[in-house]
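A.B. asks: below: sequence and its predicted model.
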Amino acid sequence: MGSNVRQEAIKTIATTTHKLNRIDFRTTHIKDLFGINVFGEEEQKQRLPKPMFKSLQKTVKLGTTLDPNVADAVASAMKDWAIEHGCTHYTHLFQPLTGLTAEKHDSFLNPTPNGRALAEFSGKELVKGEPDASSFPSGGSRSTFEARGYTGWDPTSPAYIREGANGSTLVIPTIFVSWTGEALDKKTPLLKSMEALSTQAMRILKLYGHADVKKVFTTVGPEQEYFLIDKNFLYGRPDLLNTGRTLFGAKPPKGQELEDQYFGTIPERVLACMADCEAELFKLGVPVKTRHNEVAPSQYELAPIFEDSNLATDHNQLAMDVMRRTAEVYGLVCLLHEKPFAGINGSGKHNNWSMSTDTGENLLNPGDTPHDNAQFLLFFVAVIRAVAKYPELLRVTVASAGNDHRLGANEAPPAIISIFLGDQLQDVMDQLEAGALKSTKQGGQMEIGVTVLPKLPRDAGDRNRTSPFAFTGNKFEFRAVGSSFSISGPNVVLNTIVAESLDFMATNLEKATAAGKDLHKAVQDLLPGILKESKKVVYNGDGYTEEWQQEAERRGLPNLKTTVDAIPMIIRKDSIDLFTKYKVFTEKELQSRYVIFSESYVKTITIEANMMVMMAKTMILPAGLRYQSEVATAVTTTKAAGVENGAQLEALKELTGVITGFQGATAALEKVLAHHAEGDAFAHAKAMRDTVVPKMVELRTLGDKLETIVADDLWPIPTYREMLFIK
């Protein structure tokens, strides 16, 4: 058999031994590992003067303005700590609108007049940096020649050390803004949205007499799904290498049909990689909790414990980076694309969202009897109202060319935004709407029927995996977020729309109580009307069915099936009014994101389409023509020998027909790519969706057909049956 890149990859995998025992938790306990590379509260307490420490903690925990005098003390302590841990440089880490993180490293070293050098780091250097902003997406909010941008220290997200082979780096989480003050990042709006929600939530809590509460936080626990495949396959797949997903690939004989991957035994190399990754994340203070096999072959999940939304966002970006880096050590590649393999389960990032006070109370905890927990009901109904009023905004936060392959399929939430409440809360909401709260359904206990087994407590409601926004006990799980996304965008919108609902409720209740109405009576009068208006978004059935799509249309719920359908929602008047009212975005910042999202879609599709043409011409077509030549030679030879070869001739005709169609589809894709749409960035995005994407689908269909016909030894790229199952 001949040799090609695909076969060499398989041979290399088969003969390579990886060192798996890199981590020994017997000698290093995880409690001793956790947070050792973080300049957190304990480290600050030890190294800062007491007044400086208290001032910094007040800023971190209560959101008070940072005392400028504290910055120098923190910078000095941070520098000493970092150098003790082997750091030579520091960097301001920020989250530009690329969806990734960005950094510029500066040395602690400063030369002295006597030819020596000192390690210095001032409060000024801690608080502000100045990376070049000209090459980051701005959506036209500034010209390319306007290069100045500022990073600003975010004291609520602790600095940490990223270890390297040749020295370590002190990493300082920051915001990123332009010279004129526009947010050029994802962190700044998130912090603003958290403040907006806290302000409105505090009004509700004040009505209930919570004088001890000073701040309300939103909390998030993002479940991260991902694929791991052998790195050798990556080099044989230019589509995976350049776009993150396979643009060609026939369905394997076995996929996930047997459901034997889900929660199955974790392969040894993968488990070693997971443990190593977790050890690194423990050092960085990331509270990872869960690991398991996911639904698709070679798909896995990592999930952390809940944290403050801002810190959870930073930690999720950090987790994705550590996952990618660690995978390489074990000869693997971590794929975070929403749909790296067609026809099998894609990857999401379930965004588990809730609200908590600085005193530790979860405001979405219903307790044992939610029907008489009026404070919970207020916050709970506020979320329902928010989702019912702004479903399009939630949809646009999960919109991307990658997530378009996932949303709406029978593996992920539909593009229609709806809420699942479960039996217990649905019953309470029905009672509330009717104006008479009397009882709460209880789960009771499960009788398994085996004497030796203990009785298991049953939850009061089941879960619904087809719902994009489901209540799961004491939080809402937004399941439509893509695996490669920053969770900042979805949480900015969640925080802001819930802030608007809490504002609406607080205003009504404040007026009612000021007029002498009892608070409990005011709540009883307010909530039923809100539920009546908002219940259209509540759906507890199967979100995958055609019947639900028809029902949703009757209810007037939007069904924004593609990213291009969703993008205009950013600059709709009610969106602009919402975000500007709560000072989360300016109108200019929203307009810039409308352009950036459109441009990102265009660039993604353009790269993928060009890659398809390249692979079609230089890899797949040559393989098809070689096989065609072999078959034609065989047909000619057998005919010359006087042997009946009707079946072989039919095979040649089928092969030739597919190749001809494939060549035509390649030419058609090239043609639409060469045609430049007129108009703004959104017009280009619409043209890409309507003209280029259909041609990509046609070309892929024929390319995948060729994979099932061409001789295996001639097929040039690793196949699904190999990439997903050879570990």
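C.D. replies: Yep, that arrived. Residues are numbered from 1 along each chain as shown.

A.B. asks: okay, and the residue nearest to residue 242 when sequence neighbours are not counted sits in which element?
C.D. replies: Among residues not flanking residue 242 along the chain, residue 611 sits closest, at 5.6 Å (CB to CB, 6 or more residues apart in numbering). Bear in mind the C-beta positions are built from the backbone N, C-alpha and C, glycine included. If you go by DSSP states H and E, residue 611 is part of helix 587-615.

A.B. asks: what's that helix packed up against?
C.D. replies: Packing partners of helix 587-615 (3 or more CB pairs under 8 Å, 6 or more residues apart in numbering; DSSP states H and E): helix 238-243, helix 563-566, helix 573-581, helix 646-674, helix 681-687, helix 693-707.

A.B. asks: let's see 10 Å
C.D. replies: Helix 587-615 sits against helix 187-207, helix 238-243, helix 391-397, helix 563-566, helix 573-581, helix 646-674, helix 681-687, helix 693-707, with contacts defined as 3 or more CB pairs under 10 Å, 6 or more residues apart in numbering; DSSP states H and E.

A.B. asks: C-terminal to it, what's the next element?
C.D. replies: helix 621-640.

A.B. asks: which residues in the stretch 51-200 of the chain form helices?
C.D. replies: 68-84, 123-127, 187-207 (DSSP state H, counting those that start in this stretch).

A.B. asks: weakest of these in terms of mean pLDDT?
C.D. replies: With a mean of 84, helix 123-127 has the lowest mean pLDDT of those.

A.B. asks: ok, and for it, which residues are buried?
C.D. replies: Of the residues in helix 123-127, 123, 125, 126, 127 count as buried by neighbour count, 16 or more other CB atoms under 10 Å.

A.B. asks: before we move on, the earlier item: of the helices of the stretch 51-200 of the chain, flag the one that's most buried.
C.D. replies: Greatest average neighbour count among these goes to helix 187-207 (a mean of 22), per mean count of other CB atoms under 10 Å.

A.B. asks: I'd like the distance from that helix to the chain centre, please.
C.D. replies: 23 Å (CA atoms, centre = their mean, to the nearest Å).

A.B. asks: repeat that for stretch 520-531.
C.D. replies: The answer for stretch 520-531 is 36 Å, by CA atoms, centre = their mean.

A.B. asks: could you do stretch 419-436 as well?
C.D. replies: 31 Å.

A.B. asks: would you mind writing the CA trace of that stretch as PDB?
C.D. replies: Below are the C-alpha coordinates for stretch 419-436, written out as PDB (Å, rounded to 0.1, in the frame of the first residue of the first chain):
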ATOM      1  CA  ILE A 419     -37.700  29.000  29.400                       C
ATOM      2  CA  PHE A 420     -38.100  25.700  31.100                       C
ATOM      3  CA  LEU A 421     -39.400  25.900  34.700                       C
ATOM      4  CA  GLY A 422     -40.100  22.300  35.700                       C
ATOM      5  CA  ASP A 423     -43.100  20.900  37.500                       C
ATOM      6  CA  GLN A 424     -42.700  22.500  40.800                       C
ATOM      7  CA  LEU A 425     -42.000  26.100  39.700                       C
ATOM      8  CA  GLN A 426     -44.600  25.800  36.800                       C
ATOM      9  CA  ASP A 427     -47.200  24.900  39.400                       C
ATOM     10  CA  VAL A 428     -46.200  27.800  41.600                       C
ATOM     11  CA  MET A 429     -46.300  30.200  38.600                       C
ATOM     12  CA  ASP A 430     -49.800  28.900  37.600                       C
ATOM     13  CA  GLN A 431     -51.000  29.600  41.200                       C
ATOM     14  CA  LEU A 432     -49.400  33.000  41.200                       C
ATOM     15  CA  GLU A 433     -51.000  34.000  37.900                       C
ATOM     16  CA  ALA A 434     -54.400  32.800  39.200                       C
ATOM     17  CA  GLY A 435     -53.800  35.100  42.300                       C
ATOM     18  CA  ALA A 436     -53.800  32.400  45.000                       C
END
